[in-house]
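Chemist: No sequence on hand, only this structure:
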C-alpha cells in the first residue's frame with residue numbers, strides 16, 4: 001500500500017468496502033442482451049420496447065445530486081446511462097456514487113429513452129460490478145499522448161484513443177482481404193517452420209536459440225522463402241504464408257525486429273506476372289478495406305490503382321544520385337564515388353550494400369506514388385534468376401509507395417548449380433565481414449536438384465502496408481506491442 005498513489009489507495013479502500021458488502025468485485029460471468037451499438041440502433045429504428053442489459057467500462061460520470069449521467073463503453077461503442085436515486089433506491093445509488101469509479105466495468109439493466117438533447121440513454125433499474133479498476137485511467141479527457149507509455153502499455157492506448165483501436169481493426173481487415181485475394185486465385189495457405197536449423201531467404205542477421213533435447217542451435221526465421229519453394233518443388237503450384245519473421249537488426253520508423261510478412265510463390269510465372277498481381281492485390285486490399293484506391297499518406301495524395309510505373313533500378317539511381325553503378329565494377333571504386341557525393345557508407349561495405357545505400361538514400365524517399373523498380377544487380381539478389389542476356393542483372397522488382405519499400409519479388413532461381421555458386425559467393429562475403437550474407441543451405445540445394453519449375457515469388461510486409469493504408473509514419477503505430485528498450489536503459 002505504501003507504494004500506491006493517493007488515488008490508487010482510495011480505489012483499494014473502495015475495493016475492500018465492496019467486498020465487505022458481500023459483493024464479488026470480479027464476478028465470473030454476466031448476462032448481456034445488447035451491445036451499445038445494437039441498443040442505440042434499436043431505439044433509432046423504433047423497435048426498443050423491452051428491458052435490456054448492457055455492459056462496458058465506465059468512461060465518464062456526471063453526478064447531479066440524486067441523479068447521475070454516465071457513459072459506458074464496450075467493444076462496439078459508447079452509450080449514455082442515467083441513474084436516479086428513486087429508481088435504484090437510496091442505498092444502491094449511494095453505493096454507485098461512493099464506490100464506483102471511472103475505469104470500472106459494470107453491467108446495467110433498464111429501458112432506453114432519448115434525452116432532451118437527443119442522446120440515446122439507458123435509464124438504469126439495476127447495476128452490477130463486473131471488474132474494479134485499481135488504477136485511474138490516464139488523461140481521460142484528452143487521450144493518452146505520451147508516446148513511450150502508449151507503446152509500453154498499449155492497453156492504455158487502446159482505452160484512451162479510439163483512433164488507435166481503429167488502426168488495428170483496419171490491420172485485421174487488411175490480412176483478411178489479402179487471404180481472400182489469394183484464396184480466390186487458387187493459392188493454398190501453408191505454415192512453414194519458424195525455428196530453422198539454417199536461416200535463409202533474405203540478407204539479415206538472425207536471432208539464435210538453443211534446443212536442449214536436440215543439443216542444437218536453431219534460428220528464428222528471417223524469411224519463409226526457402227521452405228515455400230520446397231513446396232513448389234513438391235508439386236504445389238500456388239502457395240502462400242502470412243506469419244512472423246525475425247531479424248536481429250536495428251529499429252527505426254520502418255523496422256521492428258519482429259514483423260509480419262506475406263509471401264507467395266506461383267509456379268509457371270515470372271516477375272512480370274507477379275508484378276501485375278502485386279499491383280492488383282494492393283489495389284484490391286485498399287478498395288476492400290477503405291472503399292477507395294485513393295489514399296492520403298503523410299500529406300501526399302496517392303492513387304494505388306494499377307498500372308504502377310516501372311523504372312529500372314540502375315536508371316533510377318543514376319537519375320537521382322548521378323552515379324551509374326555499372327561504371328564501378330568493384331566495391332572500392334564505387335565506395336569512393338559514393339563518398340564523393342557525401343554518402344555515409346561503411347568503408348568495408350560490399351558493392352551490393354553500396355548500391356542498396358544509393359537506393360535507400362537517393363531514390364526511395366522520392367517514390368511517393370506507387371512505383372516498381374526492376375532489374376537488380378546479381379550480388380544483392382542471390383535467390384533470383386539472371387535476366388537473359390544480362391549476366392550481372394537478375395529479374396527482381398521492389399514496389400514502393402509513400403517513400404518506402406512495401407514489397408519485393410523475383411523470378412526465382414531454379415538452376416541448382418547456379419544457386420550453389422551464389423551461396424558460395426555469399427559465404428565468401430560472410431568471411432569478409434558481411435554478417436548479413438546468405439548461408440549455404442545444402443538441403444535446399446538437394447531439393448532444387450530434383451527440379452523446380454519456373455516460378456515467381458513475392459514478399460510484402462503487412463506492417464508497412466498497414467502504415468500506408470492508415471497514414472502512420474512509424475511502424476510502431478501499427479504493431480500492437482512493438483519492441484522497445486528495457487525501461488531505464490539508454491545503452492542499448
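Modeler: That came through fine. A quick note: this is a predicted structure, and the numbers were derived from the prediction, not measured. Numbering: from 1, shown residues only.
Chemist: where exactly do the strands run in the stretch 351-492 of the chain?
Modeler: Ranges of strands in the stretch 351-492 of the chain, per DSSP state E, counting those that start in this stretch, are 371-377, 386-387, 390-401, 404-411, 455-461.
Chemist: and of those strands, who's closest to residue 303?
Modeler: strand 390-401 (9.9 Å; C-beta to C-beta). (C-beta placed from N, C-alpha, C; glycine too.)
Chemist: Can you name every helix or strand that the closest one contacts?
Modeler: helix 271-290, strand 371-377, strand 386-387, strand 404-411 (3 or more C-beta pairs under 8 Å, 6 or more residues apart in numbering; DSSP states H and E).
Chemist: could you dump these to TSV with mean pLDDT, mean neighbour count and distance to residue 54?
Modeler: What follows is those, written out as TSV (pLDDT from 0 to 100; neighbours: other C-beta atoms under 10 Å; distance: least, C-beta to C-beta, whole Å):
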stretch	mean pLDDT	mean neighbour count	distance to residue 54
helix 271-290	98	20	29
strand 371-377	97	22	50
strand 386-387	96	18	63
strand 404-411	97	23	42
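Chemist: wait, which of the ones you listed is closest to residue 44?
Modeler: Between the helices and strands packed on strand 390-401, helix 271-290 lies closest to residue 44; by C-beta to C-beta that is 26.0 Å.
Chemist: contact partners of that closest one?
Modeler: Outside helix 271-290, the residues that touch it by C-beta atoms under 8 Å, 6 or more residues apart in numbering are 170, 173-174, 177-178, 180-182, 185, 266, 292-293, 295, 304-308, 310, 370, 372, 374, 395-397, 399, 401, 406-407, 409-411, 456-458, 460, 465, 469.
Chemist: now it, how far from the centre of its chain.
Modeler: 18 Å (C-alpha atoms, centre = their mean, to the nearest Å).
Chemist: And the pLDDT at residue 444?
Modeler: We have a pLDDT of 96 for residue 444.
Chemist: what's the answer for residue 4, then?
Modeler: Residue-level pLDDT assigned to residue 4 equals 88.
Chemist: Also residue 201?
Modeler: So, for residue 201, pLDDT stands at 89.
Chemist: Just to check, it is in contact with residue 222?
Modeler: Yes - look at residue 201 against residue 222 with C-beta atoms under 8 Å: they come within range, at 6.4 Å.
Chemist: Report how many residues lie close to residue 341.
Modeler: Residue 341 has 12 neighbours, counted by other C-beta atoms under 10 Å.
Chemist: ok, the nearest residue to residue 395 once chain neighbours are set aside to residue 381 distance?
Modeler: Nearest residue to residue 395 in three dimensions, chain neighbours excluded: residue 411, at 3.7 Å (C-beta to C-beta, 6 or more residues apart in numbering). Separation of residue 411 from residue 381 (C-beta to C-beta, to the nearest Å): 10 Å.
Chemist: and if you look at residue 100?
Modeler: Taken as C-beta to C-beta, the span from residue 100 to residue 381 is 62 Å.
Chemist: Any idea what residue 294 is bridged to?
Modeler: Judged by DSSP bridges, the bridge partners of residue 294 are residue 303.
Chemist: In the chain, what helix or strand scores lowest on average pLDDT?
Modeler: In the chain, the helix or strand scored least confidently by mean pLDDT, DSSP states H and E is helix 147-152, which has a mean of 84.
Chemist: average model confidence for the helix or strand following it?
Modeler: Note on helix 147-152: by DSSP states H and E, the next helix or strand toward the C-terminus is helix 154-160. Averaged over helix 154-160, pLDDT sits at 90.
Chemist: same check, this time on stretch 220-235
Modeler: Here the average pLDDT along stretch 220-235 is 97.
Chemist: how about the longest helix along the chain: buried residues?
Modeler: Of all segments of type helix in the chain, defined using DSSP state H, the longest is helix 162-184. Buried residues in helix 162-184, defined by neighbour count with 16 or more other C-beta atoms under 10 Å: 164, 167, 168, 171, 173, 174, 175, 177, 178, 181, 182.
Chemist: which strands and helices sit next to it?
Modeler: Judged by 3+ C-beta pairs under 8 Å, 6+ apart, helix 162-184 is in contact with helix 154-160, strand 188-189, strand 238-246, helix 271-290, helix 462-470.
Chemist: any idea how far it is from the chain center?
Modeler: For helix 162-184 - counting by C-alpha atoms, centre = their mean - the centre lies 10 Å from the chain centre.
Chemist: Show me the contact partners of it.
Modeler: Helix 162-184 has contacts (C-beta under 8 Å, 6+ apart) with 150, 157-158, 189, 238, 240, 242, 262, 264, 281, 284-285, 288-290, 462, 465-466, 469-470, 472, 477-478, 480.
Chemist: Just the buried ones among the residues you listed, please.
Modeler: Judged by 16+ other C-beta under 10 Å, buried ones among the contacts of helix 162-184: 150, 157-158, 238, 240, 242, 262, 264, 281, 284-285, 289-290, 462, 465-466, 469-470, 472, 477-478.
Chemist: so how far is residue 283 from residue 173?
Modeler: Distance of residue 173 to residue 283, given as C-beta to C-beta: 15 Å.
Chemist: do the same with residue 409
Modeler: Separation of residue 409 from residue 283 (C-beta to C-beta): 16 Å.
Chemist: tell me what the helix or strand harbouring residue 226 is packed against?
Modeler: Counting by DSSP H and E, the element that carries residue 226 is helix 225-233. When contacts are defined as 3+ C-beta pairs under 8 Å, 6+ apart, helix 225-233 packs onto strand 238-246, strand 258-267, helix 442-449, strand 455-461.
Chemist: can you give me the angle it makes with strand 404-411?
Modeler: Taking axes from the mean of the first three to the mean of the last three C-alpha atoms, to 10 degrees, one finds helix 225-233 and strand 404-411 inclined to each other by 40 degrees.
Chemist: what sits up against helix 225-233?
Modeler: 190, 192-193, 196, 200-202, 239-241, 263-265, 267, 383, 412, 441, 444, 447-448, 450-453, 455, 457, 459.
Chemist: Contact partners for the residue lying closest to residue 68 once chain neighbours are set aside?
Modeler: Of all residues not flanking residue 68 in the chain, residue 83 sits nearest, at 4.6 Å (C-beta to C-beta, 6+ apart). Counting by C-beta under 8 Å, 6+ apart, residue 83 makes contact with 67, 68, 70, 93, 96, 124, 127.
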